[in-house]
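Undergrad: 3D model of this:
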Amino acid sequence: MITGGEQTHDSSVMDQVGDNIIHHVSNSSLDHPLIHLPHVFGIDLSVTKHVLMLWIVAIVVACAVIIPIQKYLQKNKPVPSGWMNLLEMVVKFVRDSIVQPNIGSKYTEMWAPMILTFFFFILFANGIGLIPIFDLLGALNRFIFQVPASDDHNIINALLHGGVTATGNFNVTAALAVITFFAILIAGTRAHGFINHWKNLAPPGLPWPVYLILIPIEIIGMFVKPFALTMRLAANMTGGHIAILAILSFMAIFAEMFNSAITGMGVALFSVPLATAISGLEIIVVLVQAYVFTLLSAVFIGMAINVHH
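TA: This is a model prediction of the structure:
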């Protein structure tokens, strides 16, 4: 469009789709904090959307898991009932099917609490991401309260910046993976001693030129494990949301391509059911990714304890 000698281009739907998808799955930015806090040693401690979500997850885990278990143990009931039945099933499954086979009976009681914490925390973090609470707040903000998207001082606008799940944030999954990394080091050191743990990186009795190749590979492998955990969880929790947004965007894209709202409505007959089906699969992904992260963490810790060359 040319106005007053200057040429401006109205952004098309095609131009907006990519930015919109990235906006909905990206890490929450410190450029849009919910609560401004001072810098400490050069680190900005301001609260972002994903930090808030982590607080919510911690509260939910405490209310749904920790407090009920504490109350049950205080009452000394021999047989659990209600919600405790489900919790007992989950705890037994993680302990008997994940921790014990991979880490060993001797160290099960030591590492089961951490693995269970991983499982419940990731499970609830993944699950909360499926609830479209921020999208609903954004719709209310735009259409009911008439707040423009450009208002950076509006707290609901700040909530819309970043992905819908905290476990889709690579910083969050990296922090969880770092915990696993140090758990591997601690487990190996406690089981074999500090020096022997590092000796176990390579089998004894090999020609010394082999060690020049093998030891660097093993050291790289130490860092590949947490990197794989980081990428696997974040990518899987992000991929489903990208697919859903891309499929729903077909309605607007085809409506613009053919300059027909009826075409967009026709595409909706295909895209909406497909997006709904993928949303159903996301429920399975929530469970599977919590299981996979805890399983791999247990396997890596078990590899440090039960050394086999």
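
Undergrad: next, the buried residues of whichever strand or helix holds residue 117.
TA: In this structure, residue 117 sits in helix 108-128 according to DSSP states H and E. Using 16 or more other Cβ atoms under 10 Å as the test for burial, helix 108-128 gives 108, 110-112, 114-116, 118-128. Where you see a C-beta, it was placed from the backbone N, CA and C, and this is true even at glycine.

Undergrad: with just CA atoms, put the very next helix or strand once past that helix into PDB.
TA: Note on helix 108-128: by DSSP H and E, the next helix or strand toward the C-terminus is helix 133-139. What follows is helix 133-139, C-alpha atoms only, in PDB (Å, rounded to 0.1, in the frame of the first residue of the first chain):
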ATOM      1  CA  ILE A 133      -5.700 -20.700  31.000                       C
ATOM      2  CA  PHE A 134      -3.300 -18.100  29.500                       C
ATOM      3  CA  ASP A 135      -5.100 -18.200  26.200                       C
ATOM      4  CA  LEU A 136      -8.400 -17.600  27.900                       C
ATOM      5  CA  LEU A 137      -7.000 -14.800  29.900                       C
ATOM      6  CA  GLY A 138      -5.600 -13.300  26.700                       C
ATOM      7  CA  ALA A 139      -9.000 -13.500  25.000                       C
END
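
Undergrad: give me the distance from helix 133-139 to the chain's centre.
TA: Offset of helix 133-139 from its chain centre (Cα atoms, centre = their mean, to the nearest Å): 20 Å.

Undergrad: stretch 267-287 too?
TA: Centroid displacement of stretch 267-287 relative to its chain, using Cα atoms, centre = their mean, is 19 Å.

Undergrad: what do you get for stretch 50-59?
TA: Centre to centre, stretch against its chain (Cα atoms, centre = their mean), the figure for stretch 50-59 is 12 Å.

Undergrad: then that stretch to PDB, C-alphas only?
TA: C-alpha atoms of stretch 50-59 as PDB (Å, rounded to 0.1, in the frame of the first residue of the first chain):
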ATOM      1  CA  HIS A  50       7.700 -19.800  33.400                       C
ATOM      2  CA  VAL A  51       9.100 -19.000  36.800                       C
ATOM      3  CA  LEU A  52       5.500 -18.400  38.000                       C
ATOM      4  CA  MET A  53       4.400 -21.700  36.400                       C
ATOM      5  CA  LEU A  54       7.200 -23.500  38.300                       C
ATOM      6  CA  TRP A  55       5.900 -22.000  41.500                       C
ATOM      7  CA  ILE A  56       2.400 -23.200  40.700                       C
ATOM      8  CA  VAL A  57       3.700 -26.700  39.900                       C
ATOM      9  CA  ALA A  58       5.600 -26.800  43.200                       C
ATOM     10  CA  ILE A  59       2.400 -25.800  45.100                       C
END
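
Undergrad: which positions within that stretch qualify as buried?
TA: Buried, per 16+ other Cβ under 10 Å, within stretch 50-59: 50-54, 57.
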